[in-house]
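[1] just a sequence and a predicted model for now, questions to come.
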Amino acid sequence: MIAERMVDSGPGVPPTGRLSGLPYKDGIIDDYVSKRAIMAKYLKKNPIAKRTYDVKKIAQLAGNGD
């Protein structure tokens, strides 16, 4: 967003307009912000957590301080 409006082209915007698949740190952005990444990180820190949790449930737990 620039000045509170969505942009889909210009400086800093990937050619496809998507971040998916772009290099980031030691992998790609998906390794850090995708559903798969969030679930993996949560289950690694909370191995007894229910594998049936989804990202929405994890966000709710985080909002409650868990």
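    Done, it's in. Numbers count the residues shown, from 1 in each chain.
[2] please make it C-alpha for all contacts and neighbour counts, starting now.
    Will do.
[3] what residues does the longest helix seen in the chain touch?
    Longest helix of the chain, by residue count under DSSP state H: helix 35-45. By C-alpha atoms under 8 Å, 6 or more residues apart in numbering, the residues outside helix 35-45 that reach it are 30-32, 49, 51, 54-55, 58.
[4] surely residue 12 forms part of a strand?
    No: assignment of residue 12 by DSSP: H, G, I helix; E, B strand; the rest coil gives coil, placing it outside any strand.
[5] how near is it to residue 18?
    As defined by C-alpha to C-alpha, to the nearest Å, residue 12 lies at a distance of 11 Å from residue 18.
[6] pick out the residue nearest the middle of the protein.
    The residue lying closest to the centre of the chain (C-alpha atoms, centre = their mean) is residue 33, at 1.9 Å.
[7] okay, that residue: pLDDT?
    Turning to residue 33, the model gives it a pLDDT of 91.
[8] tell me who's in contact with it.
    No contacts exist for residue 33 under C-alpha under 8 Å, 6+ apart.
[9] okay, buried residues for stretch 22-37 please.
    29-31 (16 or more other C-alpha atoms under 10 Å).
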